[in-house]
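**Q** sharing a model that was predicted from the sequence below.
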Amino acid sequence: MREVIAKLAPLHRKLGKPQPGDWLERFQEPGQTFEEYLKCDPVLPRGRRRILYVQPLGEFTETQRKIVTLTAEFLGLYYGAAVKVRKDLPLSIIPAEARRVHPTWGDKQILTTYVLDKVLRPRLPADAAACIALTASDLWPGKGWNFVFGQASLVQRVGVWSLYRNGEPDKSGRDFRLCLLRTIKTAAHEIGHMFSMRHCIAYECCLCGSNSRRESDRRPLALCPECLAKVCWATRTDPIARFEALSKFCGKNDLKPEARFYDKSIKALRPARPAQTP
Ligand SMILES: [Zn+2]
Ligand SMILES: [Zn+2]
């Protein structure tokens with residue numbers, strides 16, 4: 001893994017000074033190198049708990065449904081894990097006390113803590129490495145908050161994320177790609193936490209903390225070399241095979257810059273062909 005990290009490092013940008021309002025301007029973070037990760041006795045998607053579950057919650061438009069399906073596929077490739085999409089749960093299982101209409105904006109919202117504690121945890125399958133719910137409904141996490149993009153309980157290995165504020169995927173191809181990219185980026189980031197990965201402070205990386213939509217849009221989908229080493233080690237995945245699968249996924253879904261970056265990463269890891277002798 002050390003060799004992989006060294007070969008990939010030149011492709012990645014070190015994290016610069018935080019911009020005003022950025023996560024690292026607001027919060028002190030210790031970071032976590034690959035070696036520190038190995039020492040922290042991480043939660044691993046191995047043994048009995050290997051499956052990543054995706055739980056659709058509530059209604060989706062056809063386009064949103066496509067994003068849910070693609071997110072499930074993507075997570076499987078990103079974490080080298082089997083993914084199962086569970087049977088839909090209707091929003092009617094959320095009681096009135098865990099719903100509201102935002103007092104000034106009028107958005108219909110559901111309470112994240114209810115989803116985590118009362119919907120997902122009691123239904124967590126024994127073989128689940130993690131279970132994430134995706135919903136098109138807006139979310140709020142409780143008193144004092146306007147809304148939240150998503151929330152996870154890392155120890156309980158459950159999380160819920162909303163497509164509501166990820167853009168309007170039905171509007172155009174460009175909007176669809178933006179919504180897809182935002183959804184897969186958040187899902188990949190949060191699943192990383194569930195496997196004991198801390199926020200990255202070394203590079204521009206999918207595991208960087210973000211304090212706003214603007215900041216998370218700036219972050220790449222790809223993992224930096226240190227975080228990549230953690231995932232490949234934790235999931236026993238070959239980095240080249242992983243990059244190939246992700247490049248194919250991104251290419252197929254018209255995420256061109258992301259596909260190009262994975263291709264560059266493959267090139268950096270492949271041994272150079274021996275020079276032709278005359
Ligand atoms: Zn995070
Ligand atoms: Zn990183």
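**A** Right, received. Where do you want to start? Residues are numbered from 1 along each chain as shown. Ligands and ions are numbered 1, 2, ... in the order given.

**Q** where's residue 86 relative to ligand 2, distance?
**A** Distance, residue 86 to ligand 2, by Cβ to the ion, to the nearest Å: 30 Å. Using the backbone N, CA and C atoms, a C-beta is placed for each residue, glycine as well.

**Q** which residue packs closest to that residue, ignoring adjacent ones?
**A** residue 55 (4.7 Å; Cβ to Cβ, 6 or more residues apart in numbering).

**Q** and that neighbour, bridged to which residues?
**A** Taking DSSP bridges, one finds residue 133 as the beta-bridge partners of residue 55.

**Q** what about the residue of the stretch 51-200 of the chain found nearest ligand 2, which SS state?
**A** Nearest residue of the stretch 51-200 of the chain to ligand 2, counting by Cβ to the ion: residue 200, 2.9 Å away. Secondary structure, DSSP: H, G, I helix; E, B strand; the rest coil: residue 200 is coil.

**Q** could you pull up the contacting residues of the closest residue to it other than its chain neighbours?
**A** Sequence neighbours aside, residue 207 is the residue nearest to residue 200 in space, at 4.1 Å (criterion: Cβ to Cβ, 6+ apart). Residue 207 makes contact with 189, 192, 197, 198, 199, 200, 223, 224, 227, according to Cβ atoms under 8 Å, 6 or more residues apart in numbering.

**Q** neighbours around the third one, how many?
**A** As a burial measure, residue 197 scores 24 neighbours (other Cβ atoms under 10 Å).

**Q** what do you get for the fourth one?
**A** Residue 198 sits with 18 neighbouring residues when counted by other Cβ under 10 Å.

**Q** distance check, the nearest residue to it once chain neighbours are set aside against residue 88.
**A** Take residue 198 and drop its neighbours on the chain: the residue closest to it by Cβ to Cβ, 6+ apart is residue 32, 4.0 Å away. Distance from residue 32 to residue 88, counting by Cβ to Cβ, to the nearest Å: 36 Å.

**Q** so for the two, which sits in the more crowded spot?
**A** residue 32 (22 against 14).

**Q** does residue 119 count as helix, strand or coil?
**A** helix.

**Q** could you count how many residues lie near the nearest residue to residue 57 once chain neighbours are set aside?
**A** Nearest non-adjacent residue to residue 57, counting by Cβ to Cβ, 6+ apart: residue 135, 4.2 Å away. Counted with other Cβ under 10 Å, the neighbours of residue 135 add up to 26.

**Q** which residues touch residue 135?
**A** Contacts of residue 135 (Cβ under 8 Å, 6+ apart): 56, 57, 58, 91, 110, 115, 160, 161, 162, 163, 164.

**Q** any of these buried? List them.
**A** 56, 57, 58, 110, 115, 160, 161, 162, 163, 164 (16 or more other Cβ atoms under 10 Å).

**Q** quick one: residue 258 and residue 250 touch, right?
**A** Yes. Counting by Cβ atoms under 8 Å, residue 258 touches residue 250, with 4.2 Å between them.

**Q** how close does the closest residue to residue 199 other than its chain neighbours get to residue 71?
**A** Nearest non-adjacent residue to residue 199, counting by Cβ to Cβ, 6+ apart: residue 209, 4.2 Å away. When distance is defined by Cβ to Cβ, residue 209 is 21 Å away from residue 71.

**Q** again, but for residue 47
**A** On the measure of Cβ to Cβ, residue 47 and residue 71 end up 25 Å apart.

**Q** compare these two (neighbour count), which wins?
**A** When neighbours are counted by other Cβ under 10 Å, residue 47 and residue 71 differ, and residue 71 comes out ahead with 24 against 8.

**Q** got the contact list for that one?
**A** Counting by Cβ under 8 Å, 6+ apart, residue 71 touches 54, 134, 180, 183, 184, 187.

**Q** what does residue 11 give?
**A** Per Cβ under 8 Å, 6+ apart, neighbours of residue 11: 261, 264, 265, 268.

**Q** related to what we said a few turns ago, what does the pLDDT read for the residue of the stretch 51-200 of the chain closest to ligand 2?
**A** Looking at residue 200, its pLDDT reads 95.
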